[in-house]
Structure formats: structure tokens, C-alpha cells
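In: Just need the structure, nothing else, for what follows:
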Amino acid sequence: MNDKEKFLVLISNERLKKADAIILLEGDGLNRVKHTADLYKAGWADIAVVSGGIYTLAYGSYPSEYLVPELIKEGVPPERILIEGKSQHTQEQAEEVLELANGRGWKKIILVASPHHQPRAFLTFLKVMNEKQMKIQLINASARELSWFEETGWGKRITLIDSEFEKIEKYGALGQMATFKEAIEYQQWKESLDKERSLDADTNTSSAEQAREIMGNDFIGVEEILKVAAWTNLPKKKEEYETIPAIPYGTDFLKTLRGEYVLILGFPSDENKNPLTLNAMRSFYGLEPTVKEPCFYNQDWYLNEDFAGKTTLEFKWYIIRKKVIEETRGKRPEEIMETIKNVRGFPSAILTAYTFFLCYFLNKEKLWENDFLWCSDKDGNGDRIYTGRYTDPRGINKNGFNIHRHLSIRPVYGLAPQIRS
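Out: Model prediction:
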């Protein structure tokens with residue numbers, strides 16, 4: 001049996017495991033929606049990502065405005081759906097999704113394509129992941145129970161197998177795909193992780209008491225949130241936090257973070273069970289420091305952006321650094337990704353604000369008081385979000401938690417020169 005045959009057997013019989021997100025790759029019409037929804041409802045992940053911005057219905061490329069309503073009909077809550085709508089082909093899907101995963105600190109993602117496309121999608125994702133020097137688990141879960149022989153409008157799936165493997169050969173020759181051998185070695189690496197965790201499960205978790213003792217004031221769990229709940233729009237009663245998720249970090253690891261990082265429990269909804277978004281926090285904390293502090297800086301440009309109006313935290317534990325890494329000052333995100341190998345990912349804007357306000361109330365500490373943080377989010381134009389700097393060192397601007405965007409250079413920028421005398 002050659003490597004290609006081994007590879008096909010491996011990804012066709014992969015064991016599902018709990019992941020951070022399910023990635024619905026655009027293509028094959030609406031035929032991947034139900035499988036994605038079934039995976040979500042079965043609890044395999046708490047987030048569904050719709051990836052792809054191609055609008056070619058005749059070829060089966062249905063963008064998010066078609067896929068999202070169908071996911072909702074199938075039972076996926078709208079606040080649990082993220083949209084990656086920039087990519088125009090499989091390699092761009094891999095690049096955009098893996099950037100999203102890196103920014104959110106995801107360790108495992110489930111890839112959903114149709115069976116004929118799954119091999120190429122997986123090899124593409126693996127190639128991009130290796131180039132980015134990332135180590136996350138890609139879990140294959142192709143849409144099942146689809147006909148191989150019916151005419152879909154964009155071809156029979158049995159026929160599309162040939163074109164998919166022709167593309168694997170073509171793009172592989174261009175260095176754009178992982179090899180079958182690399183994929184087999186990667187699958188072996190994933191399996192080795194499962195064995196290590198099963199043999200040493202106790203060392204990969206900590207109790208709240210252990211974590212609180214190690215992290216001190218930088219531990220923010222349910223008890224800490226409840227101490228200051230009256231000053232926030234978070235739930236006020238312990239029973240509203242339901243079953244508290246396990247802390248997925250061992251005590252030895254937490255000791256390496258002590259004094260430099262905050263370990264904080266995220267929560268997705270406010271006291272009225274509405275999504276706890278940046279806009280919701282902005283409405284609650286206000287914009288005027290002479291009336292109430294802490295507050296947000298008075299800006300309104302982001303109110304209609306998805307990252308401010310739709311994105312929430314998950315009910316899980318997050319780790320975020322208390323200070324900017326000195327070597328990253330003055331560098332663009334792309335430079336940081338290339339040069340700082342131990343950076344685990346950019347935080348989301350909602351995580352930075354959530355952490356800032358809770359640390360302020362609990363410890364009277366203004367995180368990133370004079371600094372801005374690059375975030376994982378981008379606005380509708382693809383411009384990177386950055387947050388922070390509560391106090392203006394020059395004393396010109398009012399106090400307030402800032403949310404800005406870093407404008408990307410695009411063709412709309414140019415010079416209309418002045419002729420000087």
C-alpha cells in the first residue's frame with residue numbers, strides 16, 4: 001500500500017474529538033450544513049465558522065448569506081456562528097481560518113468538507129499550518145450520507161474525485177500542498193498527543209483552588225467575578241454560571257505564568273442573558289470619565305462592526321498577558337508572527353476589554369494603561385483592530401478604554417500632488 005492509499009484510509013476513518021471550532025468550508029451548495037449543525041448539537045465544539053467568500057452558485061459556491069440562515073434553521077444559535085468571508089479559494093480559506101484560530105488560541109478545529117474535497121482541503125490546511133509554524137490539531141469530519149452518483153448541478157461527486165486529485169498533484173508540484181507522507185506523520189503526531197494526555201491526564205488540569213493559590217490576584221474565577229458583579233453587567237448569582245469548566249492547564253505550567261499573565265473565566269452573556277458583546281459593555285460602562293470610571297473612550301466607528309456587535313467570549317478559561325512584550329513594540333502584526341515564536345496568538349478585542357474592566361474593579365489595576373494591543377479581530381474592510389491605552393500619557397485625551405483600527409494600504413490610497421512654487 002502506498003502513502004496515498006494509507007492517507008485516504010486515515011482521513012476517512014478519523015476519530016472525532018472535542019474541538020474549539022467546527023469549520024464549514026464553502027462548497028457543494030448547502031450539502032455540508034446539516035453535518036456541521038449535527039456536530040455542533042452533539043457538543044463537538046461550541047463555535048461554527050463559515051469560511052469562504054466566493055459567490056458562484058452554478059459551481060456550488062454558496063457564501064455565508066446562504067449558509068448562515070440554514071445553520072440557524074438546523075439549530076446552531078446565531079451568536080455561536082463566526083463568518084470568514086474574505087477567502088476566494090481553498091488556500092486562502094486555510095490562511096484566514098488559521099489566522100482566526102491563532103488569534104483565538106484554538107488548539108483543535110474540525111474541518112467539514114464534502115468527501116471528494118476533504119483530502120485536498122486537509123492537505124492545504126496542513127501545508128499552511130506548517131508554514132506558519134503552528135501546532136494545532138486538524139480533525140477531518142467530511143459531510144456524510146451524500147450521494148456519489150446524483151447530478152448536483154456542478155458535477156457528480158464520483159467524477160469530482162478525479163479533478164480533486166488532479167489539483168492535489170498540480171498544487172503539490174507548486175509546493176502549495178502537504179505531501180501524503182507529511183500528512184501521515186502529522187496524523188501519527190496527533191495520535192501521540194492523545195496517548196500522552198490519557199497517561200498523564202491529571203497534570204493537564206488544575207482545580208480553581210490550585211490555580212488561585214498559584215496566580216494570586218491574577219486569577220479571576222466565579223468567586224472573584226461575584227465580588228465585583230454589582231459594578232458590572234455580568235450575572236450576579238453563582239447558580240447562573242452553571243457548571244464551571246475545568247481549568248485546562250497544569251499547575252507546573254501555571255507557575256511559569258505567575259506575575260505576568262491573567263487567568264480569567266470568560267462568560268458569553270450579561271445578567272439579562274443577552275450576548276455580552278463590546279457594544280453591550282460600552283453601553284453599560286459609558287463614555288464619560290467625569291461621570292463614571294472605568295469607561296470606554298468616546299468612539300462610535302465600530303458600533304456596526306461584527307467584532308463589536310456579535311462576538312462574545314466562550315464560557316471557558318483564557319490566559320492573557322498583563323504587559324506588552326518589549327520586543328514587539330513598534331512592530332506590525334505580520335512581523336510579530338514571524339519573529340516571536342512563543343506568542344500564542346493575538347487576543348480578541350472582547351477579551352482585552354473584559355479582562356481590563358474586571359482587573360480594574362478587583363485589583364484597581366489599569367492593564368495596558370499607556371499601551372495598545374494588537375487584536376485578532378478585523379473590521380469589515382479587513383483592517384486590524386487594536387485596543388487598550390486607558391490613559392493618554394500626554395494628557396490631551398480623556399480617559400477611556402480605546403478601540404481603534406489600523407488602516408491597511410489599499411488601492412484607494414494614493415497621492416494627488418501639490419505643485420509647490
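In: Just the strands from this structure, written as ranges.
Out: 21-25, 48-51, 81-84, 108-112, 137-140, 219-220, 261-265, 317-321, 372-378, 384-388, 402-406 (DSSP state E).
In: Which one, of the ones you listed, ends up nearest to residue 308?
Out: Across the strands of the chain, residue 308 has its closest neighbour in strand 402-406 (7.3 Å, Cβ to Cβ). From N, CA and C alone the C-beta is placed, and that goes for glycine too.
In: so what's residue 39 up against?
Out: Taking Cβ atoms under 8 Å, 6 or more residues apart in numbering, we find residue 39 in contact with 16, 22, 45, 110, 112, 141.
In: next one: residue 28
Out: 60, 113, 114, 117, 143, 146, 152, 154, 157.
In: Could you list the low-pLDDT ranges of the stretch 301-421 of the chain?
Out: Along the stretch 301-421 of the chain, segments meeting pLDDT under 70 span 338-344, 410, 412.
In: what do you get if the cut-off is 90, keeping everything else the same?
Out: Applying pLDDT under 90 to the stretch 301-421 of the chain picks out residues 325-346, 382, 392-397, 407-421.
In: In the stretch 301-421 of the chain, mark out all the helices, start to finish.
Out: 306-309, 333-339, 349-363 (DSSP state H, counting those that start in this stretch).
In: and among those helices, the most buried is which?
Out: helix 349-363 (a mean of 23; mean count of other Cβ atoms under 10 Å).
In: thinking again about what came up before, export the contacts of residue 28 to a markdown table and tack on neighbour count, distance to residue 404 and pLDDT?
Out: Putting these into a markdown table (neighbours: other Cβ atoms under 10 Å; distance: Cβ to Cβ, whole Å; pLDDT from 0 to 100) gives the following:
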| residue | neighbour count | distance to residue 404 | pLDDT |
| --- | --- | --- | --- |
| 60 | 19 | 39 | 74 |
| 113 | 26 | 36 | 92 |
| 114 | 23 | 41 | 91 |
| 117 | 22 | 39 | 92 |
| 143 | 22 | 40 | 89 |
| 146 | 17 | 45 | 85 |
| 152 | 16 | 45 | 80 |
| 154 | 16 | 43 | 78 |
| 157 | 21 | 47 | 87 |
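In: of all those, which comes closest to residue 210?
Out: Looking across the contacts of residue 28 and measuring by Cβ to Cβ, the closest to residue 210 is residue 113, at 41.0 Å.
In: Check the contact between that closest one and residue 143; I expect there is one.
Out: Yes - counting by Cβ atoms under 8 Å, residue 143 is a contact partner of residue 113 at 7.2 Å.
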